[in-house]
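> Need a 3D model of the sequence below.
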Amino acid sequence: MTLQMTILETGKPGNDMKLLEDFYNSLMMENFEEEEREPLEEWVGMLEGTKDPGLWVCVGTVKGEVVGGAVAEQYDDGRATLLTYLVVSETHRRRGFGSALVTSVIDEKGAPIFLEAHQPHISDRIMSPTSRLAFYKTLGFKPLALPYTAPAIEPGLPNIPGLMLLAYTNDHEGCDAADVKKFLKSYWEACYSSTNDDLDAMLAWLDRQGGKVPYSPQ
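Purely as a prediction, here's the structure:
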C-alpha cells in the first residue's frame, strides 16, 4: 500500500483547495475537538497569502482516499517551523504513514522545527502522551526544559498551560535560545492571546539559560 503525498504551500501556484477541504472535513473534524482546530477558512487565507503565518500542508492519500496529513506553520520570516497537526485515519495507522508525513516536513523545512505536546500525565482520546512523545523522539524531536504555555488560537479562548515544546534541531546538546525566542515572539504575535504575561515569563526564563535551552530528561 503506497502513500501518495501532495504538498500545499503558501505562494505555491495551483494549490488543490478541494483536497485541503476533503482532508479537513474528514480527518480534522473527526480527530480534533472544535477548540483544538484552526478554522478551515484560516488555512485557506494562509495558503492564499491573505493571512499570517505561512502554511504548509502535506496530504497523504491511498488510491485517492485521504488517509493522513501533516500541517505546519512558518514563523520568524520562514526561519522556524511549527508542526501544528499530524493525523492518520484510524484504519491506516501503524503502517508508517505518520512517520512518512513528519519526515516530509523535516525534509522540506529543515531545522529548527517545533511542536507542542501534552505532558505525559495528561491523556487524550487518540494516543497516549507517552506513546506520542516516544514517536516524535524516534524522529529526532526532543522536549525542551522550558516551562511552556501555548497562546490562544481563537479570540476569547484562554492560553494553554502545561504543554511541552519539542524541537528538532541539529544540536544534540540543546536548542539555540535565540532561535526559540524569535520563534515564540513571532508565534504569539500571530495568535490571539489577550495578555503577554505568559510569553514574557517564557522569554525571561530563556534569558536566564544563556545561549542554549537544555533538553528535558523526559
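
> can we go C-alpha only for contacts and neighbour counts from here?
OK.

> Check the secondary structure at residue 152 for me.
Applying DSSP: H, G, I helix; E, B strand; the rest coil to residue 152 yields a three-state assignment of coil.

> what sits against it?
Applying Cα atoms under 8 Å, 6 or more residues apart in numbering, we find residue 152 in contact with 158, 159, 160, 191, 192, 193.

> What is the neighbour count of residue 41?
One way to gauge burial is a neighbour count; for residue 41, by other Cα atoms under 10 Å, it gives 11.

> any idea which element it lies in?
The secondary structure element spanning residue 41 is helix 40-48 (assigned by DSSP states H and E).

> coming back round to it: could you dump the contacts of residue 152 into CSV and include distance to residue 71?
Compiled in CSV, the contacts of residue 152 are given as follows (distance: Cα to Cα, whole Å):
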residue, distance to residue 71
158, 22
159, 21
160, 20
191, 16
192, 19
193, 21
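
> Redo the residues you listed as TSV? Include neighbour count and pLDDT.
What follows is those, written out as TSV (neighbours: other Cα atoms under 10 Å; pLDDT from 0 to 100):
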residue	neighbour count	pLDDT
158	15	89
159	18	91
160	14	90
191	17	90
192	17	85
193	22	82
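
> I'd like the residues you listed as CSV, with secondary structure appended.
Compiled in CSV, the contacts of residue 152 are given as follows (three-state DSSP):
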residue, secondary structure
158, coil
159, coil
160, strand
191, coil
192, coil
193, coil
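
> what about the strands in this structure?
Remark: strands assigned in the chain by DSSP state E are 4-9, 54-62, 65-75, 80-88, 113-118, 142-143, 148-150, 160-168, 175-176, 212-213.

> among those strands, which is the most enclosed?
Mean neighbour count, computed with mean count of other Cα atoms under 10 Å, is highest for strand 142-143 among the strands of the chain, reaching a mean of 26.

> Show me what that one pairs with in its sheet, parallel or antiparallel.
For strand 142-143, the paired strands and their directions (DSSP bridges) read strand 160-168 (antiparallel).

> Contacts for the strand it pairs with next, please.
Taking Cα under 8 Å, 6+ apart as the criterion, the residues outside strand 160-168 that touch it are 111-119, 140-144, 146-152, 175.

> per-residue confidence for residue 11?
pLDDT, residue 11: 93.

> before we move on, what about residue 70?
In this prediction residue 70 is given a pLDDT of 98.

> can you check the one 10 residues further on too?
Residue 80 carries a pLDDT value of 96.

> Quote the end-to-end distance of stretch 22-37.
Between the opening and closing residues of stretch 22-37 we find a distance of 15 Å, counting by Cα to Cα, to the nearest Å.

> which residues touch stretch 26-40?
Contacts to stretch 26-40, defined as Cα under 8 Å, 6+ apart, come from residues 21, 24, 66, 67, 68, 87, 88, 89, 126, 153, 154.

> angle of the helix holding residue 41 against strand 4-9?
80 degrees (axes from the mean of the first three to the mean of the last three Cα atoms, to 10 degrees).

> Report the angle between helix 40-48 and strand 54-62.
Between helix 40-48 and strand 54-62, the angle comes out at 110 degrees (the same axes, to 10 degrees).
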